[in-house]
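1. Take this sequence and fold it.
(one chain, ligands or ions: 1)
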Amino acid sequence: MPRGNEIIAALNETLDRSITVMHICGTHEASISRSGLRSVLPSGLKIVMGPGCPVCITPQGEIDATLDLVDKGCIIATYGDLLRVPGSRGSIESCGGDVRVVQGIHKAVEIAEKTDKEVVFISVGFETTAPTVAATIVLEPPENFSILSCHRLVPPAMKWLLEQGEAKLDGFLLPGHVCVVDGYEGYEAFPVPQVVAGFEPEDILLALLMIVRQVKDGRHEVENAYPRAVCREGNVTAKELMYRVFEPCDVEWRGFPVIPDSGLKLRPEYARYDAQKKFDLEIRHVDKHSACICDRVLRGIASPTDCKLFGKVCTPRKPVGPCMVSHEGACKIWHLYQRER
Ligand code: SF4
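-> You can find the predicted model right below:
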């Protein structure tokens, strides 16, 4: 791989107009911010953030549904990042229920095996985490175990962003983690330059250069700047397992309306593990009322520092919105690395 300064020189030589590239991955944002990449890019090359943090895009209705499960006496098991995400009547952390932080679904199953109470795993994540959840469900955990599936699929959100045209995107950095599982075949229909990127600063710079070259040449293809981990078809076994257990469904994302086929629900043969069915839960839409602009940050049309609450009213200690909660959230990352700017 060429060295970072060589790629930056090539970017300066190649870029002949202003372009905007979106990434859809909190780990990309962390790497970009930590290494100060934006400060060394040509001024006409802008990187914006998309809906790449699975915790941030979990809508208030799904947090509220989790609180409904607490009211029904369930033990809630989930990742630590989700605990402080605000719903319309507080967060999971503040609900006073029996809430257990786990590292994965297997730990939630262990809890269910040791109790007679109902245990619900709040299952968030993109294509990266859904296969591990599927692998557990096919093993038929105990009957007092179920999941609230809050999974999301990346390509439908990209399609929505392109159709909306709000962020005027010239290309996408494709999320390396997601593409390890999903491959990149499913992105080839989108009429913009796209490059799969790894997570070192040089990986991201190289992917940006490949996008800039496509723009200059008038091409739109999917290229792979992360071949050491990603191939076109992805992990076929993991995908087969994921779609054996889940099927796509229409769901809302925080900051987005309902996006067709962008969620994953359990197939009817696994309905006994579906907490939404088991407890007759309704996932309600909640209108946004606060001054938080996470919705605009997640759609690439605002930066964390555009928010008047950033770093003043809203901090990692007292987050107002989900983007300040998760370690993959843009506001928390910018608070950590870019406050001075
Ligand atoms: S700084 Fe806080 S309130 Fe503002 S957009 Fe980010 S999370 Fe929302």
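2. In what element of secondary structure is the closest residue in space to residue 298 that isn't next to it in sequence found?
-> Distances taken as Cβ to Cβ, 6 or more residues apart in numbering place residue 255 nearest to residue 298, at 4.1 Å, with adjacent residues excluded. The C-beta positions use only the backbone N, C-alpha and C, and glycine is treated the same way. Applying DSSP states H and E as the criterion places residue 255 outside every helix and strand.
3. got a list of what residue 255 touches?
-> Residue 255 sits next to 51, 57, 294, 295, 296, 297, 298, 299 when contact means Cβ atoms under 8 Å, 6 or more residues apart in numbering.
4. Could you tell me which of those residues belong to helices?
-> 294, 295, 296, 297, 298 (DSSP state H).
5. Quick one: these as a markdown table, columns for distance to the ligand and pLDDT too.
-> Converted to a markdown table, the ones in helices among the contacts of residue 255 look like this (distance: Cβ to the nearest ligand atom, whole Å; pLDDT from 0 to 100):
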| residue | distance to the ligand | pLDDT |
| --- | --- | --- |
| 294 | 4 | 94 |
| 295 | 8 | 94 |
| 296 | 8 | 95 |
| 297 | 5 | 96 |
| 298 | 9 | 96 |
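6. what's the closest of those to residue 22?
-> Nearest to residue 22 among those, counting by Cβ to Cβ, is residue 298 at 10.7 Å.
7. now that closest one: how far from residue 232?
-> 28 Å (Cβ to Cβ, to the nearest Å).
8. For residue 116, which non-adjacent residue is closest in space?
-> residue 144 (6.6 Å).
9. If you could redo that for residue 49, that was the one I meant.
-> residue 330 (4.6 Å).
10. Over to residue 46?
-> The shortest distance from residue 46 to any non-neighbouring residue, by Cβ to Cβ, 6+ apart, is to residue 20 (4.7 Å).
11. how about that neighbour, secondary structure?
-> Going by DSSP: H, G, I helix; E, B strand; the rest coil, the secondary structure assigned to residue 20 is strand.
12. And the pLDDT for it?
-> In this model, residue 20 is scored at 97, pLDDT.
13. I figured residue 21 hits residue 173, correct?
-> Yes. Assessed by Cβ atoms under 8 Å, residue 21 is found in contact with residue 173 at 6.0 Å.
14. shared neighbours, these two?
-> Counting by Cβ under 8 Å, 6+ apart, the residues touching both residue 21 and residue 173 are 47, 208, 211.
15. element containing the last one, please.
-> Assessed by DSSP H and E, residue 211 sits inside helix 201-217.
16. Remind me what that helix packs against, helices and strands.
-> Packed against helix 201-217 by the contact rule (3 or more Cβ pairs under 8 Å, 6 or more residues apart in numbering; DSSP states H and E) you find helix 4-14, strand 19-23, helix 26-35, strand 45-49, strand 171-175, strand 194-197.
17. which stretches of the stretch 201-341 of the chain aren't confidently modelled?
-> 339-341 (pLDDT under 70).
18. Show me the helices in it, by range?
-> 201-217, 236-245, 275-278, 294-298, 330-337 (DSSP state H, counting those that start in this stretch).
19. Since that was my last question, I'll sign off now.
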